[in-house]
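need coordinates for the following:
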Amino acid sequence: MVRVTTTDRRTALRAGAGLAAAGALAAGCAPHGAGAHPPPAGTAAPPTGDRTPAPTPRLFPQVAAQITHGPRDRPRVALTCHGQGDPALADALLTVAEAHGARLTVLAVGSWLDEHPGLARRILDGGHDLGNHTQRHLDVNAMSETEAEREITECAQRLRRLTGSIGTWFRPSRAARASPRVERLARAAGYPHVLSYDVDSLDFTAPGAPAVARKVLGEIRNGSVVSLHLGYADTVAALPAVLEELHRRGLRAVTTTELLS
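Got it, this is the predicted structure:
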């Protein structure tokens, strides 16, 4: 039985200032969830100084154009996060992961980065992967070619402006898999692979932290790519129990780049 203990919840609460106030479930990136808010008129400049270099997309010739999982013969998994929602919850999830020696893959919504530009560097400086989850988090598969291209390239431009790179991965918004058109447009924008997943935590349904942990731990195995969200308190509260059980099973939570390398 998976247990999310009081200690787990305290750990999550300590991880980010103001987490309790943010627990009202800020808008996440579920396929049926609300879209991101329009960007503000001005965008703050990114932090300066010595920073982790921003990686660029890599071609993995042995891997399909749409990735659902990594190698099944190695004890590694990738925890991937649809990136929008309250920044305190985002920072809390990153902090919990780092405290357990885990690294995440964050697919960021461009308008979210417009509102919270410092999070791009926060993600990279924590050793995590950062990628593209479209500009406005609309149903990209249902768009015309021109609209879909704009959604992908505008988010890529935000990432490049903030980090010097378009990011490591692309994931379509409001869909687990990209349509052939969106896959082609992503490749043209510089993303050789579309990142899907084989384990859906369903955290965007707000089922409670124990249910999130049970869902993930009941399905995860070597090579799994797990879908999580930054904008939900349940996810933060569940993560310590998930990571502790992964450690017990001998599974390492790594970036998607490391999973496939």
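
any stretches of the chain with poor pLDDT?
Within the chain, the stretches with pLDDT under 70 are 1-50, 61-62.

change it to 80
1-54, 59, 61-64 (pLDDT under 80).

strands of that one, residue ranges please.
Using DSSP state E, the strands found in the chain span residues 66-67, 76-83, 104-108, 129-132, 194-195, 199-200, 225-229, 252-254.

partners of the second one in the sheet?
If I follow you right, that is strand 76-83. strand 104-108 (parallel), strand 225-229 (parallel), strand 252-254 (parallel) (DSSP bridges).

can you report how many residues neighbour the nearest residue to Arg221 once chain neighbours are set aside?
Excluding its sequence neighbours, the residue lying closest to Arg221 (C-beta to C-beta, 6 or more residues apart in numbering) is Arg72, at 7.3 Å. The C-beta positions use only the backbone N, C-alpha and C, and glycine is treated the same way. Neighbour count for Arg72, taken as other C-beta atoms under 10 Å: 9.

next up, the contacts around Arg72.
Taking C-beta atoms under 8 Å, 6 or more residues apart in numbering, we find Arg72 in contact with 221-223.

and Arg252, by the same measure?
Contacts of Arg252 were listed using C-beta under 8 Å, 6+ apart, and they are 75-77, 102, 246.

ok, 6 Å please
Counting by C-beta atoms under 6 Å, 6 or more residues apart in numbering, Arg252 touches Arg76.

so what's it bridging to?
Assessed by DSSP bridges, Arg252 has beta-bridge partners Arg76.

what about it, distance to Ala108?
As judged by C-beta to C-beta, to the nearest Å, Arg252 and Ala108 stand 23 Å apart.

what's the spacing between the closest residue in space to Leu202 that isn't next to it in sequence and Ala253?
The shortest distance from Leu202 to any non-neighbouring residue, by C-beta to C-beta, 6+ apart, is to Lys215 (5.7 Å). According to C-beta to C-beta, Lys215 stands 16 Å off from Ala253.

quick one on the thing from earlier: figure out which of the strands paired with strand 76-83 is closest to Gly190.
Closest of those to Gly190 is strand 104-108, at 14.9 Å (criterion: C-beta to C-beta).

number of nearby residues for the residue lying closest to Asn141 once chain neighbours are set aside?
Nearest residue to Asn141, sequence neighbours excluded (C-beta to C-beta, 6+ apart): Ser179, at 4.4 Å. Neighbours of Ser179 under the rule other C-beta under 10 Å: 16.

what does Ala64 give?
What Ala64 shows, counting by other C-beta under 10 Å, is a neighbour count of 10.

break down the protein into its helices, ranges please.
Secondary structure of the chain (DSSP state H): helices at 6-15, 19-22, 87-99, 110-115, 118-125, 145-163, 180-189, 209-219, 233-249, 256-260.

a markdown table for those helices, including mean neighbour count and distance to Thr134?
Output for these, formatted as a markdown table (neighbours: other C-beta atoms under 10 Å; distance: least, C-beta to C-beta, whole Å):
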| stretch | mean neighbour count | distance to Thr134 |
| --- | --- | --- |
| helix 6-15 | 17 | 28 |
| helix 19-22 | 16 | 24 |
| helix 87-99 | 23 | 17 |
| helix 110-115 | 24 | 7 |
| helix 118-125 | 20 | 15 |
| helix 145-163 | 20 | 4 |
| helix 180-189 | 18 | 9 |
| helix 209-219 | 20 | 24 |
| helix 233-249 | 23 | 20 |
| helix 256-260 | 21 | 18 |
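
please consider this matter closed, and thank you.
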